[in-house]
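Chemist: Have a look; sequence and predicted model below, questions after that.
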Amino acid sequence: MTTVHEPTATVASAELSVWPASTTEHRHGDLTVGGVSLAEIADRFGTPVYVLDETEVRDRCRTYRDAFPDAEVLYAAKAFLCRAMAHWVEEEGLGLDVCSAGELELAVTTGFPPERITLHGNAKSPRDLDTALRLGVGRIVIDSPSEIARLAAAVGPDGHQKVMVRVVPGISAGGHEKIRTGTDDQKFGLSIADGYAQHAIARILDQPQLQLTGLHCHLGSQITSVKPYLAAVRRTVGLMARLHEQHGLVLPELDLGGGHGIAYRPGEEALDLTSLARRVRTELSDACAANGLPVPRLIIEPGRAIVGPAGVAVYHVLAVKRTGSHTYVAVDGGMSDNPRPALYGVRYAPRLVGRHSTAALARVTVVGRHCEAGDVVAADVELPDDIRPGDLLAVPVAGAYHLSMASGYNLVGRPPVAAVHDGLARLLVRRESLEDIRSRDVGL
Ligand SMILES: *Cc1c(COP(=O)(O)O)cnc(C)c1O
């Protein structure tokens, strides 16, 4: 007889390749992550719930430190931020990349050293800049010409601030048009090709309180090939050589941004970090040698690749509907906790958890509970044919750009985040309650 609680050995299944390394499959159909059963988490915290494997996050930070021992690694907070996340990243020796006063204040009030933080943004508000200066961030990345005088004035004639300039190298890379930021003629950065970058740099050099430490270049997101990064190295070093010629300028830092691609479904390609590290290092030293420049210190800014695979979203099935041609499995979350399928057409591979099914697999589309036909969680996936209301569905690779992009649509309320570690689960961020929603609403 098989009892429900009988654990079995890990099934080294290829299907679990995109799950946290700690994931273990049990004969009765449940999965444990970080030693904690997903069904138990659903019971204890309710659904939808986001589960974050602390060890997976820390291991990914360490993988970066090992692959890029000489570089500065900044975690891009916009992928996912909460106080525990800032704390783990800080303990693992990474810096932080933020793009608002909110992200910045959350990190600093948690104890993150401000000098290890870089502020970004194509449209920084006065509050963003004031907060950055008040808290003493390490670097501010200038993204538009008008920002230079504004920032210089805010710093004041006796102040001092390290800055970088975000340049656009004219390279198309990234998983979707909406997340390609290295091409000319989009809202980010200053183009090298049309001379805007050079012009802005000349103006920064006229501001003695701004210390330009280097060029910054973020190509986009979900990039799975090393080549665009090598092209970015050549273009930015080319600009550094011209700046050296024109201004005698030697820039000590080069920031190549993030965008490192990960697999969302088994068999998908991910960016090879070891190869990225090796080939960028070689390309950078070759390009600098060819131009008679010293090699700048490399900075990289991974977000998705650190936290994406460490997160799992768990939902309850609320309804199953069969139309002439499709089966729709509706869950208790959707585009308000994960807008990525609607925004970019991203595909996921959810699994039934909490019970074992021997039913044949059927093609279904997992949809959310929101009032839009485009509210899809996972289009066209295989799940057991006997899937029914009350079942639990778990979506892996849910750590990045889910909750950080969550909305208040339909006043459903944003899900909680529970951390798992060594067989224990603890709440990091609580569920957004009706009381939270009501308390912000102050008129009548
Ligand atoms: C979004 C962003 C990153 C991180 O991108 P990922 O795809 O999550 O690695 C890094 N740097 C900048 C400037 C960004 O805007």
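Modeler: Done, it's in.

Chemist: Wait, I262 touches I306, no?
Modeler: No - counting by Cβ atoms under 8 Å, I262 stays clear of I306, with 9.6 Å between them. C-beta: built from backbone N, CA, C; applies to glycine.

Chemist: These two - which one has more neighbours?
Modeler: Each of I262 and I306 has its neighbours counted (other Cβ atoms under 10 Å); I306 has more, 31 against 23.

Chemist: Please list all residues in contact with the more buried one.
Modeler: V57, R60, C61, Y64, Y75, A79, V89, A400 (Cβ atoms under 8 Å, 6 or more residues apart in numbering).

Chemist: just checking, which of these belong to helices?
Modeler: In helices, defined here by DSSP state H, the members of those are V57, R60, C61, Y64, V89.

Chemist: Name the nearest residue to the first one, ignoring sequence neighbours.
Modeler: It refers to V57. Leaving aside its sequence neighbours, V57 sits nearest to A310 (Cβ to Cβ, 6 or more residues apart in numbering; 4.6 Å).

Chemist: which SS class is the closest residue to L434 other than its chain neighbours?
Modeler: Counting by Cβ to Cβ, 6+ apart, G413 is the residue found nearest to L434 once chain neighbours are left out, at 7.2 Å. Three-state assignment for G413 (DSSP: H, G, I helix; E, B strand; the rest coil): coil.

Chemist: Need the pLDDT of G413.
Modeler: What the model reports as pLDDT for G413 is 97.

Chemist: Also M1?
Modeler: So, for M1, pLDDT stands at 36.

Chemist: My guess is the residue nearest to V57 contacts R60. True?
Modeler: Yes - with contact defined as Cβ under 8 Å, A310 counts as touching R60 (6.7 Å).

Chemist: more crowded one of those two?
Modeler: Shown here are A310 and R60; by other Cβ under 10 Å, A310 has more neighbours (32 against 25).

Chemist: separation between the more buried one and L52?
Modeler: Distance, A310 to L52, using Cβ to Cβ, to the nearest Å: 6 Å.

Chemist: which neighbours do the two share?
Modeler: Common contact partners of A310 and L52 (Cβ under 8 Å, 6+ apart): G399.

Chemist: interface residues of the stretch 151-300 of the chain facing the ligand?
Modeler: Contacts of the stretch 151-300 of the chain with the ligand, taken as Cβ under 6 Å from any ligand atom, map to H218, S221, G257, G258, G259, H260.

Chemist: which of those lies closest to W19?
Modeler: Of all those, H260 has the smallest distance to W19: 18.6 Å, by Cβ to Cβ.

Chemist: quick one: contacts for that closest one?
Modeler: Contacts for H260 (Cβ under 8 Å, 6+ apart) come out as I223, A270, L271, L273, L276, P302, R304, A305.

Chemist: related to what we said a few turns ago, buried ones among the residues of the stretch 151-300 of the chain next to the ligand?
Modeler: Neighbour-count burial (16 or more other Cβ atoms under 10 Å) applied to these gives H218, S221, G257, G258, G259, H260.

Chemist: Which helix or strand lies directly C-terminal to the longest strand anywhere in the chain?
Modeler: In the chain, assigned by DSSP state E, the strand with the most residues is strand 311-322. Scanning forward in sequence from strand 311-322 by DSSP states H and E, the next helix or strand is strand 327-331.
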